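Peer 1: model this:
(chains A and B)
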Amino acid sequence: MKGIIFNVLEDMVVAQCGMSVWNDLLEKHAPKDRVYVSAKSYAESELFSIVQDVAQRLNMPIQNVVKAFGQFLFNGLASRHTDVVDKFDDFTSLVMGIHDVIHLEVNKLYHEPSLPHINGQLLPNNQIALRYSSPRRLCFCAEGLLFGAAQHFQQKIQISHDTCMHSGADHCMLIIELQND
Amino acid sequence: MTDSENPYYVAYLREKKARQEVEQLLEGSTRQLYEKNVLLQQQIDLIKQQQQSMIQQEKLASLGTVAAGVAHEINNPLAYILSNVRSLISYAQDLLASMDEGDKQQIDQAKLQFIKEDLPELASDTCQGLMRIKDIVNHLLFFARTDSTGKSVIQLVDALEFTLKLLRPMLNNVLIKKEISHVPMILFNVGELNQVLMNIIVNAYQACDVVSDRPSEIWLKLTQSDTNICLTVVDNGCGMDEYTLGRMFDAFYTTKPVGTGTGVGMSIVLQILRQHDCTIEVKSEPDKGTEVMILFPIDPQAVYMTSSSIT
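Peer 2: Next comes the predicted model:
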């Protein structure tokens, strides 16, 4: 897992729970003197342990915490890479450009970023079918990222997530419904 | 005291912002590096394509050099095949006419006897002539092949013999002396090896051709050391002075008259040999001759195949 993800997680924890909580989490779940540098890779287990701890502290289901982190993550990444987000006119073009544009940009910056496989398809009735698959099974984070993107473009959306890797499927299918005011 | 009132928190945010800016600078440089790398890769691919195209053009030019000789080689069997086929047609007409006549007319027994004796020889000679043409065409196709891009395990002496066969009409007046030791097979691109051998032997021939005061001779030696297989081509032609020797591998440098040399032959030879980790050394003396020595590295895989083929 790239350091930038930990950087954004730190922002979220510090903003919502305070610096001391982040220090506690690091002390518990990361090796001594751990410093997260955006371009370096770190063990995924560190991220999962920290997120799990946060969920326990907030007394929230872990899926909700991951989803909330996903939404926060979009803003964190967008603020660091405004030039990439500015390439898209609206929410739909961003979602349809995840593979060809966003992942291409990620590959330029990070060595072996282990990106998920994402394939979007426009459906009738203002819907987008997004096929997600990744050995990390971070589909709830992907959902959160989509909500973050929708918020950025002021687009109301609803996501149904009936086919899920957490239920034994080999991929997740996110049906995004674009809602008009 | 909340985080926002804590002076250390303010310092933390400031430091974090500074680090983020540094990381963004680094990312900007990384992105530029990536894009330049992609561009560089595209240019390398383009150069490789152009090199391949140059090799192909040189190959076609070499074919042009040997075309007249090859045409002559094909014409010889073609002439007697044509004559034989005409005789066969005439015999067939005679035999068919005799069958139509039936009992009405006795078949000329002497003529029948002649056809009976001549027919197997005519058919056999025709067949041999056609096989000879097929052989020549196969050689040409083998030389001109562009399908193979990979390396394969090949016997150097076979490739050498093949090139000599293709150049036989051209080398009619040259005494070819061979000292061929049994050497292991080599790992090489077949089409490219043909190109290398063709260029070097044609150069040796052309160097001899401009000398009129002595009979033309080309020596071909194939030997082996611990690490290399060595092919040496020596001619007693016009040789080269130091300046020409120094520039002989430069692209588009030629000492041949305008219109007869492309000037890229030896440059392509060097390029092909380098791609196969081979080295080439050339010694030459004006009016004495030239010695070209190519060292092919011994490849363990090819050696294994050689020993397997023997046992």
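Peer 1: need the residues of chain B near chain A, please.
Peer 2: Contacts of chain B with chain A, taken as CB under 8 Å from any CB of the partner chain, map to B:2-3, B:6, B:8-9, B:12, B:20, B:23-24, B:26-27, B:30-31, B:34-35. Any C-beta I mention is one placed from the backbone N, CA and C, and that applies to glycine too.
Peer 1: filter those residues down to the buried ones.
Peer 2: Buried subset of these (neighbour count, 16 or more other CB atoms under 10 Å in any protein chain shown): B:3, B:9, B:20, B:23, B:27, B:30.
Peer 1: what stretches of the chain score poorly on pLDDT?
Peer 2: Using chain A here. A:181 (pLDDT under 70).
Peer 1: let's do chain B instead
Peer 2: Counting by pLDDT under 70, chain B contains low-confidence ranges at B:1-2, B:65, B:68-69, B:101-107, B:142-149, B:252-253, B:256-263, B:302, B:304-311.
Peer 1: please repeat the previous calculation with a cut-off of 50.
Peer 2: B:310-311 (pLDDT under 50).
Peer 1: residue of it with the smallest distance to chain A?
Peer 2: B:Tyr34 (4.1 Å; CB to the nearest CB).
Peer 1: pull whatever helix or strand B:Gln206 lives in out as CSV, backbone CA atoms only.
Peer 2: Using DSSP states H and E, B:Gln206 sits in helix B:190-209. C-alpha atoms of helix B:190-209 as CSV (Å, rounded to 0.1, in the frame of the first residue of the first chain):
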residue,chain,number,x,y,z
VAL,B,190,19.2,-17.5,-39.5
GLY,B,191,18.3,-14.7,-42.0
GLU,B,192,20.8,-12.4,-40.4
LEU,B,193,23.6,-14.9,-40.4
ASN,B,194,23.0,-15.4,-44.2
GLN,B,195,23.2,-11.6,-44.6
VAL,B,196,26.6,-11.4,-42.7
LEU,B,197,28.2,-14.2,-44.6
MET,B,198,26.8,-13.0,-48.0
ASN,B,199,28.2,-9.4,-47.4
ILE,B,200,31.6,-10.6,-46.3
ILE,B,201,32.1,-13.1,-49.1
VAL,B,202,30.8,-10.8,-51.8
ASN,B,203,33.2,-8.1,-50.5
ALA,B,204,36.0,-10.6,-50.7
TYR,B,205,35.0,-11.5,-54.3
GLN,B,206,34.7,-7.8,-55.3
ALA,B,207,38.1,-7.1,-53.8
CYS,B,208,39.6,-9.9,-55.9
ASP,B,209,37.7,-8.9,-59.0
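Peer 1: report the buried residues of that helix.
Peer 2: Applying 16+ other CB under 10 Å to helix B:190-209 flags B:190-208 as buried.
Peer 1: let me see the domain layout of the chain.
Peer 2: Picked chain A for this. Structural domains assigned to chain A are A:3-60, A:89-179, following automatic domain parsing.
Peer 1: wrong one, I was asking about chain B
Peer 2: B:1-147, B:152-310.
Peer 1: and the closest residue to B:Thr279 other than its chain neighbours, how many neighbours?
Peer 2: Spatial nearest neighbour of B:Thr279, excluding adjacent residues (CB to CB, 6 or more residues apart in numbering or on different chains): B:Leu295 at 4.8 Å. Neighbour count for B:Leu295, taken as other CB atoms under 10 Å in any protein chain shown: 18.
Peer 1: over to A:Ala78?
Peer 2: So A:Ala78, with other CB under 10 Å, has 16 neighbours.
Peer 1: surely it touches A:Phe88?
Peer 2: No - with contact defined as CB atoms under 8 Å, A:Ala78 does not count as touching A:Phe88 (10.4 Å).
Peer 1: residues touching A:Phe6, list them.
Peer 2: Shown in contact with A:Phe6 (CB atoms under 8 Å, 6 or more residues apart in numbering or on different chains): A:36, A:42, A:46-47.
Peer 1: rerun that using 10 Å as the cut-off
Peer 2: Each residue near A:Phe6 by CB atoms under 10 Å, 6 or more residues apart in numbering or on different chains is listed here: A:26, A:30, A:34-38, A:40, A:42, A:46-47, A:50.
Peer 1: ok, now A:Cys141?
Peer 2: Here A:Cys141 is in contact with A:5, A:47, A:51, A:63, A:65-71, A:73-74, A:116, A:132, A:134 (criterion: CB under 10 Å, 6+ apart).
Peer 1: and if we set it to 7 Å?
Peer 2: Residues in contact with A:Cys141 (CB atoms under 7 Å, 6 or more residues apart in numbering or on different chains) are A:66, A:69-70, A:73.
Peer 1: what does A:Gln179 give?
Peer 2: A:156-158.
Peer 1: give me the neighbour count for the residue in chain A positioned nearest to chain B.
Peer 2: Among the residues of chain A, A:Lys108 lies closest to chain B, at 4.1 Å counting by CB to the nearest CB. A:Lys108 sits with 18 neighbouring residues when counted by other CB under 10 Å.
Peer 1: what of B:Ser212?
Peer 2: What B:Ser212 shows, counting by other CB under 10 Å, is a neighbour count of 7.
Peer 1: buried set for the host helix or strand of A:Ser79?
Peer 2: Element membership of A:Ser79 [criterion: DSSP H and E] is helix A:62-80. For helix A:62-80, burial by neighbour count (16+ other CB under 10 Å) applies to A:65-78, A:80.
Peer 1: ok so, going back, would CSV of the domains of chain A with distance to B:Asn172 be doable?
Peer 2: Output for those, formatted as CSV (distance: least, CB to CB, whole Å):
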stretch, distance to B:Asn172
domain A:3-60, 69
domain A:89-179, 62
